[in-house]
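>>> Sharing a model prediction with you, sequence too.
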Amino acid sequence: MRYAMTSSVPESIVKIRSTSTICQSVPVLIIAMVGMPLPGRSKVPLGAITQKMRIHPLCLLLVVAVPALVTTATQTSCISGCKCDVLYTRNLKIRDCDSPLILTKITLSDLPKETPVISFTNVKITHIEDDAFTGFDEVKTVVFEDASIESIRPKAFELLPELTSLTFLRTKFAEKPNFSSPYLEELTINDCNLSEVPNLDNMPNLRLLNLADNLIKTIDKGTFSKSINLENLSLINNSITELPQSLFVENPNFIVLYLDHNPLTSLDLLFEPKLEILSLKHCKLTTLDRHTTQNLSVLNTLYLSGNEISVLPLDVFEPMKYLNNLDLSNNKVVELDDDIFLENYELDSLVLDNNQFERLPKFRSKEGIFHIRTFSCKNCGLKSVKGSFEDMDQLVTLDLSNNKLNDIDGVFTEMSNIKEIILSNNEITSVGVNSFGNNSELETLDLSNNPLLPLDPVVFTALPSLKTLNVSNCGLNLLWANHNAVFLSLEQLFVDNNQLNGLTADDMKIIPKYKSIDVQGNPLQCPDFYKLIEYLTGNLMYPKDEQMKTHEDLQLDAEVMYKTEPKWGKIILSDCPLPDDDEEITDNDDVDYEDEDEIDENSAFYDTENGEDDGVEASVLTTNSLNLAKASYILSITSVFILTALLVLFVAVVITLLILKRNKAFNVRGGNLPRLKIPLWHTTPGQKKHSGSIYRPLSEELSGPRTPVINRYEFKQTPSVHNTLP
């Protein structure tokens with residue numbers, strides 16, 4: 001194979017021969033290609049060298065790749081006095097210049113022109129000329145970060161035909177930026193102390209404008225009139241107090257507007273009907289009326305949190321037929337009409353946290369059903385929510401925490417799709433059989449920080465999918481009122497910081513699928529608690545946030561058994577303090593000492609000599625756990641080795657086939673695979689006649705003696721076949 005190359009190298013290299021290895025002369029070729037000619041030698045084409053040296057194709061690939069890497073590392077040019085980094089895929093970063101820069105064609109002439117991104121970081125720029133970016137035809141993004149710019153020529157970015165994104169971050173301008181870019185689509189000027197919006201008239205393709213974190217106070221009426229393609233505008237965290245009513249009438253494609261953290265007391269804008277997202281968080285709004293929302297017919301998301309709205313008119317949301325997300329949290333709303341969302345049957349998420357409701361509305365819908373999946377009304381002072389969720393059978397998450405609810409019977413019975421109910425920090429005392437009905441999908445129930453009475457397990461039989469139950473900080477002195485039902489799927493139980501004096505194995509047996517439990521902060525009776533821990537450990541139940549050790553303590557030697565170490569020590573030491581050394585431990589005459597010896601034989605929970613929790617640190621040895629753990633461990637290790645071997649074999653086969661194909665030594669169509677040759681019967685003189693690899697026709701030789709006839713009464717000697725064969 002011949003490799004045509006235009007490069008040339010010293011003539012003496014042509015005489016090099018590769019005698020020991022196929023890549024012996026690669027270093028010389030690399031020197032030649034990098035551009036280091038040997039003195040006193042003329043140059044010849046590199047193609048001649050590769051032919052005479054008989055270089056393997058893989059070596060040639062190395063020869064081509066290494067100089068490229070060397071060139072990248074040694075020939076990256078930069079502006080004098082600055083540092084340059086090539087990031088990611090050819091992205092160029094110019095940073096930490098010693099002196100102010102004047103960006104001209106000459107200043108940037110030595111920089112690589114093929115970069116898609118140029119960034120200037122921590123630099124001072126005196127001036128940017130019109131021709132500064134001449135030749136940078138592939139640049140799509142220009143970034144100025146932590147910089148200062150005194151002046152920019154209007155056409156400074158016009159010579160970048162592929163420029164679509166221009167960003168200024170924490171950049172100080174000595175004068176209002178005024179430039180043009182016919183292809184620019186995204187302009188970001190963040191935290192640059194701008195006091196007014198820059199001139200956008202010469203950016204006809206601008207689609208996204210981000211002016212967040214500046215000092216803009218007013219915006220003129222015609223500021224965006226020439227930006228007919230503008231779709232997304234962010235004015236977050238400025239000082240805007242008022243906006244012209246017709247500010248966006250010339251922007252038919254306008255779909256996203258962020259005005260968060262501006263001191264707007266009212267909003268009197270005529271929006272285009274295509275607006276989909278409107279964010280007005282923390283704007284000090286006191287009112288929102290139908291006049292403002294009348295053109296928001298396709299609005300999808302409305303954020304109004306952190307304002308001072310107290311009253312919402314009945315028809316304020318009526319034009320928003322496709323409203324999907326509404327956030328009214330952290331306002332001063334005291335009441336909502338039952339029909340306020342009558343036309344918003346597409347509503348998916350509704351957040352009403354931290355308002356001052358006296359009651360929740362009935363949430364009636366014109367279609368008879370809401371599609372709401374997430375509803376939150378935390379810290380709203382609610383005392384009752386009966387009847388509020390009758391049309392919300394699509395609810396998935398319901399959060400009513402930090403209220404004053406005391407009766408929840410019948411509230412959730414129609415929520416057939418609910419998966420999470422949060423009722424923490426209320427005044428609920430009991431959970432009755434009517435509290436949950438058709439909640440077969442419920443997985444998480446949080447009743448923490450409620451003054452609960454002991455729970456009846458029968459109540460939870462209506463929740464076959466329940467996996468997590470939180471009843472922490474509820475003042476419980478008894479967990480279950482009875483053991484008449486079994487939790488079919490419960491895996492996590494939180495009963496910490498209650499008044500539980502006892503927690504027995506019977507309490508846990510009705511929860512066969514438990515994986516973790518939190519019992520800290522309870523005045524548990526220690527002797528019974530030790531027995532409980534033994535039961536929990538034997539059934540692989542652990543404290544919250546603790547996991548069973550797997551491979552760390554697994555020993556495959558026959559003499560060592562598998563150890564499981566759930567971290568119950570912290571709970572025992574905090575809730576069951578160890579007795580002092582000189583304190584007598586009185587015997588209980590009612591104790592069956594055979595059982596006691598059996599318990600002591602299997603587990604030691606504390607060491608009275610050292611005052612340390614040696615028993616807790618000691619392992620509970622279980623034969624079943626040993627066998628299962630060993631089998632799982634060996635199977636996992638074996639699987640890894642097998643998969644690794646198969647992967648290595650596959651890669652080796654692929655590489656071999658590629659090399660053979662490249663060297664034309666393998667041809668599937670030509671069928672040049674090795675074949676077995678089976679000799680014919682009479683082809684080779686002296687061939688052993690009866691070898692297993694020789695085929696012999698099953699026919700009788702007619703020229704030999706006749707086959708003798710044998711009757712049933714006599715036996716005649718049969719001549720040997722071997723003797724008669726020729």
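Everything's here; your move.

>>> before we move on, what SS does C78 have?
coil (DSSP: H, G, I helix; E, B strand; the rest coil).

>>> Show the model's pLDDT score for it.
On pLDDT, C78 comes in at 88.

>>> who's the residue nearest to it when sequence neighbours are not counted bridged to?
Distances taken as C-beta to C-beta, 6 or more residues apart in numbering place C84 nearest to C78, at 3.6 Å, with adjacent residues excluded. In this view, the C-beta of every residue, glycine as well, is placed from N, C-alpha and C. Per DSSP bridges, the residues bridged to C84 are I94.

>>> wait, doesn't C84 sit right on L92?
Yes. Between C84 and L92 there is a contact under C-beta atoms under 8 Å: 6.6 Å.

>>> on that earlier part again, look up how far L108 lies from the residue nearest to C78.
For C84, the distance to L108 (C-beta to C-beta, to the nearest Å) stands at 11 Å.

>>> just to revisit the earlier point, now do the shared contacts for C84 and L92.
Common contact partners of C84 and L92 (C-beta atoms under 8 Å, 6 or more residues apart in numbering): L111.

>>> Compare those two and say which is more crowded by neighbours.
A side-by-side neighbour count of C84 and L92, using other C-beta atoms under 10 Å, places L92 first with 22 against 16.

>>> Give me the three-state assignment for the more buried one.
Applying three-state DSSP: L92 is strand.

>>> who touches it in this structure?
Taking C-beta under 8 Å, 6+ apart as the test, what L92 contacts is 84-86, 111-112, 115, 117-119.

>>> repeat that for 6 Å
115, 118 (C-beta atoms under 6 Å, 6 or more residues apart in numbering).

>>> Same question for E272.
248, 252, 254.

>>> Can you tell me the SS state at it?
coil.

>>> With adjacent residues omitted, what lies nearest to it?
F254 (5.1 Å).

>>> And for that neighbour, the neighbour number?
The number of residues packed near F254 is 24, by other C-beta under 10 Å.

>>> That one contacts L247, correct?
No. The criterion here is C-beta atoms under 6 Å, and F254 misses it with L247 at 9.9 Å.

>>> I'd like the distance between the residue nearest to E272 and Q245.
For F254, the distance to Q245 - C-beta to C-beta - is 15 Å.

>>> hey, C-alpha coordinates of stretch 439-454 in PDB?
Extracted C-alpha coordinates of stretch 439-454, given in PDB (Å, rounded to 0.1, in the frame of the first residue of the first chain):
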ATOM      1  CA  ASN A 439     -55.900   4.500  47.800                       C
ATOM      2  CA  SER A 440     -54.400   1.400  46.400                       C
ATOM      3  CA  GLU A 441     -51.400   3.300  44.900                       C
ATOM      4  CA  LEU A 442     -50.300   5.100  48.100                       C
ATOM      5  CA  GLU A 443     -46.600   4.500  48.800                       C
ATOM      6  CA  THR A 444     -45.700   7.200  51.300                       C
ATOM      7  CA  LEU A 445     -47.700   8.400  54.300                       C
ATOM      8  CA  ASP A 446     -46.200  11.100  56.600                       C
ATOM      9  CA  LEU A 447     -48.100  11.600  59.900                       C
ATOM     10  CA  SER A 448     -45.200  12.900  61.900                       C
ATOM     11  CA  ASN A 449     -45.600  15.600  64.600                       C
ATOM     12  CA  ASN A 450     -49.300  14.800  65.200                       C
ATOM     13  CA  PRO A 451     -50.700  13.800  68.700                       C
ATOM     14  CA  LEU A 452     -51.600  10.300  67.600                       C
ATOM     15  CA  LEU A 453     -53.200   7.500  69.500                       C
ATOM     16  CA  PRO A 454     -51.900   4.000  69.000                       C
END
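
>>> can you tell me the helix or strand for L326?
strand 325-327 (DSSP states H and E).

>>> quick one: average pLDDT of that strand?
The average pLDDT for strand 325-327 rounds to 97.

>>> Residues touching that strand, excluding its own?
Against strand 325-327 from outside (C-beta under 6 Å, 6+ apart): 301-303, 305, 349-351.

>>> if you set the cut-off to 8 Å instead, what comes out?
Against strand 325-327 from outside (C-beta under 8 Å, 6+ apart): 281, 300-305, 317, 344, 347-351.

>>> ok, then the element right after it?
That would be, after strand 325-327 and using DSSP H and E, strand 349-351.

>>> Show me what that next one is packed up against.
strand 325-327, strand 374-376 (3 or more C-beta pairs under 8 Å, 6 or more residues apart in numbering; DSSP states H and E).

>>> okay, these in CSV with mean neighbour count and distance to D201 next?
As requested, the helices and strands packed on strand 349-351 are exported to CSV (neighbours: other C-beta atoms under 10 Å; distance: least, C-beta to C-beta, whole Å):
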stretch, mean neighbour count, distance to D201
strand 325-327, 20, 35
strand 374-376, 19, 43
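
>>> Could you save these as CSV and add columns showing distance to T638?
Formatted as CSV, the helices and strands packed on strand 349-351 follow (distance: least, C-beta to C-beta, whole Å):
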stretch, distance to T638
strand 325-327, 50
strand 374-376, 46
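
>>> For A462, which of these is the nearest?
strand 374-376 (21.0 Å; C-beta to C-beta).

>>> going on from that closest one, what's the next piece of helix or strand?
From strand 374-376, the next helix or strand downstream (DSSP H and E) is strand 397-399.

>>> Please name the strands paired to that following strand in the sheet, noting orientation.
By DSSP bridges, strand 397-399 pairs with strand 374-376 (parallel), strand 420-422 (parallel).

>>> ok, residues contacting it?
373-378, 389, 412, 415, 418-422.

>>> now swap in stretch 297-313 and tell me
260, 273-290, 293, 296, 319-334, 336, 340, 351.

>>> What's the end-to-end length of that stretch?
The first residue of stretch 297-313 is 17 Å away from its last residue (C-alpha to C-alpha, to the nearest Å).

>>> Could you do stretch 260-280 as well?
End-to-end for stretch 260-280, by C-alpha to C-alpha: 5 Å.

>>> in that stretch, what counts as buried?
Neighbour-count burial for stretch 260-280, counted by 16 or more other C-beta atoms under 10 Å, picks out 260-262, 264, 266-267, 269, 271-272, 274-276, 278-280.
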